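Sequence below, structure please.
(one chain, ligands or ions: 2)
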Amino acid sequence: MILPIITYPNKQLKVRSSAVVNFDDLLHRFLDDMFETMMSSNGIGLAAIQVANPIRALILCIPDEEGEQSKENLIEIINPVIHDPKGNVLYQEGCLSVPGFYEDVERFETLMLQYQNRHGEPCTLEANELLAIAIQHEIDHLEGKLFIEKLTYNRRKKFEKEYKKALKEKK
Ligand code: QAP
Ligand code: CO
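Ligands and ions are numbered 1, 2, ... in the order given. From the prediction side, this is the model:
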């Protein structure tokens, strides 16, 4: 089932998500719906709060060398914790909840992640490149933060102006 995606400036996006405690069928169906929703809107990452569910769950599906997304590369991440962040990189980010806007954001270059999978089993992964960036972007959603909050004052002003204009044109 494709779920509606909440977009900025909806205040729900500012909610801090709560830990997942039940790794049951309801969670599994929700994760399946998240995947369908993300793929249908051409996303590479989605946090549960973006579809109005304030739980600490996110999914990522990083495209391969040919730019193809495959379900084999789907990672479902529950209750994540970042360890050993190292280095810094700039990357032009976007967000399904901030459609049509992209801007450079600074992130850690590499990190270790501890999390649980859909069965509640503890997992670890080492991330770099786009995966590391996407993990940080999605974990920010769990804290109620959007990438536009990391922009400098002037770039944020540019964003507000452009975004409001785009919203008006849609109506
Ligand atoms: C987060 O973002 C991310 O504006 C995932 O019109 C972004 O999937 C992680 C999208 C950059 C790492 C690097 C955005 C689709 C998708 C749009 C997305 C749009 C259509 C964003
Ligand atoms: Co996002």
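
State the next helix or strand along the chain beyond the biggest strand by length in the chain.
Across the chain, the longest stretch assigned as strand under DSSP state E is strand 74-86. Moving toward the C-terminus from strand 74-86, the next helix or strand (DSSP states H and E) is strand 89-93.

Say whether ligand 1 is contacted by the helix or strand following that next one.
Along the chain past strand 89-93, the next helix or strand (assigned with DSSP H and E) turns out to be strand 103-107. No: Strand 103-107 does not reach ligand 1 (C-beta under 6 Å from any ligand atom); its nearest approach is 8.1 Å. C-betas here are computed from N, CA, C, even on glycine.

can you list contacts of strand 103-107?
Contact partners of strand 103-107, identified using C-beta atoms under 8 Å, 6 or more residues apart in numbering, comprise 88-93, 132-133, 136-137, 147-148, 150-151, 155, 159.

next one: stretch 57-77
With C-beta under 8 Å, 6+ apart as the criterion, stretch 57-77 contacts 17, 20, 27, 30-31, 34-35, 38-39, 44-48, 78, 80, 113, 115, 117-118, 125, 130-131, 134-135, 138-139, 141-142.

Kindly export it (C-alpha atoms) in PDB.
Presented in PDB, the C-alpha positions along stretch 57-77 are these (Å, rounded to 0.1, in the frame of the first residue of the first chain):
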ATOM      1  CA  ALA A  57      12.500   3.000  11.600                       C
ATOM      2  CA  LEU A  58      14.000   3.900   8.300                       C
ATOM      3  CA  ILE A  59      14.700   2.300   5.000                       C
ATOM      4  CA  LEU A  60      17.400   2.800   2.400                       C
ATOM      5  CA  CYS A  61      17.900   1.500  -1.100                       C
ATOM      6  CA  ILE A  62      21.100   2.900  -2.600                       C
ATOM      7  CA  PRO A  63      21.300   2.600  -6.400                       C
ATOM      8  CA  ASP A  64      24.100   0.400  -7.900                       C
ATOM      9  CA  GLU A  65      26.800   1.500 -10.400                       C
ATOM     10  CA  GLU A  66      24.200   1.600 -13.200                       C
ATOM     11  CA  GLY A  67      21.900   3.700 -11.100                       C
ATOM     12  CA  GLU A  68      19.500   0.900 -10.700                       C
ATOM     13  CA  GLN A  69      17.700   0.300  -7.400                       C
ATOM     14  CA  SER A  70      17.100  -3.300  -6.500                       C
ATOM     15  CA  LYS A  71      15.300  -4.800  -3.500                       C
ATOM     16  CA  GLU A  72      18.500  -6.800  -2.800                       C
ATOM     17  CA  ASN A  73      20.100  -3.500  -1.700                       C
ATOM     18  CA  LEU A  74      17.200  -2.600   0.600                       C
ATOM     19  CA  ILE A  75      18.300  -2.000   4.200                       C
ATOM     20  CA  GLU A  76      15.700  -1.800   7.000                       C
ATOM     21  CA  ILE A  77      17.100   0.000  10.000                       C
END
